[in-house]
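one predicted model, sequence on top.
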Amino acid sequence: MTSDPRGPAPRPHADPDLAALVARPAGPADLGPLSHLWQLFRHDMSDVDGALPDAAGRFRDERLRAVFTEPARQAWLLEAGSRPVGLAVVRSLDGPAPVLSAFFVVRAARRRGAGRDFAAQVLGATPGRWEIPFQEANRPAAAFWRRLAEDLAPGRWTLDLRTVPGRPDLPPDAWITLPVR
C-alpha cells in the first residue's frame, strides 16, 4: 500500500447533532442500541484482548445484559440527537467504590470532548470514590483515563496494577482510583 502524495483525506464536517450530546441512564428499552454499541466496543477491545466473535459473528455480551438483571449495576447511553453514540457500564454501585467497567464512544464523536464530558457526567452522578480499570496496551484509553483523572481530581488520584481474575495469560489491568465531587 502506498501513501497518497496529497496527504491524509480531510476529516468530514462534524454532524450538527454532535454539538448537542445527551448522557442519560439507560433502561431495558435501550437494550437494542446498547447491544449494537457493545458490539462496536468489543470489536475495538479485540485489538487489545484478542477476543474473537462467536460463530454468529457476535462478541459476548453477558456483562452488558447483567446491567438489567443484577442489582448495583447501571448502563448509560450517550446520544447525539436521537442516535446512540456511546455507552458506559457501571458496577458495584452498592460497594465502597463504583467501577466504570466499560466505556465506549463511536469514532466519529471522539476527539471532540464527547468522551470526557460523558465520563464526567457518569462519574458525577454518584459522587465519592470511583475505580476505572483499563488495559495499558490500549494506549489511547490509557492516555484518556489519566487525563480525565487529572482533570477531575488534580493530584488526588492513584493508579495501580491488578491481576485479571482467572486470566493469568493476560497482563495486569491498570486501575485508576479517584474521588469525584
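Nice, thanks for sending it over.

Asp30: neighbour count?
For Asp30, the neighbour count with other Cβ atoms under 10 Å is 20. Every residue, glycine included, has its C-beta placed from N, CA and C.

so after the helix of greatest length in the chain, what's the next helix or strand?
Counting by DSSP state H, the longest helix found in the chain is helix 31-49. Where DSSP states H and E defines the elements, the next helix or strand beyond helix 31-49 is helix 62-65.

can you pull out the residues in contact with the following helix or strand past that following helix?
Using DSSP H and E, the next helix or strand after helix 62-65 towards the C-terminus is strand 74-80. Here strand 74-80 makes contact (Cβ atoms under 8 Å, 6 or more residues apart in numbering) with 15, 17-18, 20-26, 30, 33-34, 37, 64, 67-68, 84-90, 93, 105, 109, 114, 118, 121-122.

let's see that with 6 Å instead.
By Cβ atoms under 6 Å, 6 or more residues apart in numbering, the surrounding residues in contact with strand 74-80 are 17-18, 21-26, 30, 34, 67, 84-86, 88-90, 118, 122.

likewise for stretch 106-124?
18, 21, 23, 76, 78, 85-86, 88, 105, 130, 148, 180.

so what would you say the end-to-end distance of that stretch is?
Length of stretch 106-124, first residue to last, Cα to Cα, to the nearest Å: 22 Å.

the longest helix of the chain - what's its average pLDDT?
For helix 31-49, mean pLDDT is 93.

what's the angle from it to strand 74-80?
Per axes from the mean of the first three to the mean of the last three Cα atoms, to 10 degrees, the angle that helix 31-49 makes with strand 74-80 is 100 degrees.

just how off-centre is helix 31-49 within its chain?
How far helix 31-49 lies from its chain's middle: 10 Å, per Cα atoms, centre = their mean, to the nearest Å.

need the CA coordinates for it. CSV is fine.
As requested, the backbone C-alpha atoms of helix 31-49 are provided in CSV (Å, rounded to 0.1, in the frame of the first residue of the first chain):
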residue,chain,number,x,y,z
LEU,A,31,-31.1,-2.7,25.2
GLY,A,32,-31.2,-2.7,21.3
PRO,A,33,-29.0,0.4,20.9
LEU,A,34,-26.8,-0.6,23.8
SER,A,35,-26.3,-4.1,22.3
HIS,A,36,-25.1,-2.5,19.0
LEU,A,37,-22.8,-0.2,20.7
TRP,A,38,-21.5,-3.1,22.9
GLN,A,39,-20.5,-5.0,19.7
LEU,A,40,-18.6,-2.0,18.5
PHE,A,41,-16.9,-1.6,21.9
ARG,A,42,-15.9,-5.3,22.0
HIS,A,43,-14.7,-5.1,18.4
ASP,A,44,-12.4,-2.2,19.4
MET,A,45,-11.3,-4.1,22.5
SER,A,46,-10.5,-7.3,20.4
ASP,A,47,-7.4,-5.4,19.2
VAL,A,48,-6.2,-5.4,22.8
ASP,A,49,-7.5,-8.6,24.3
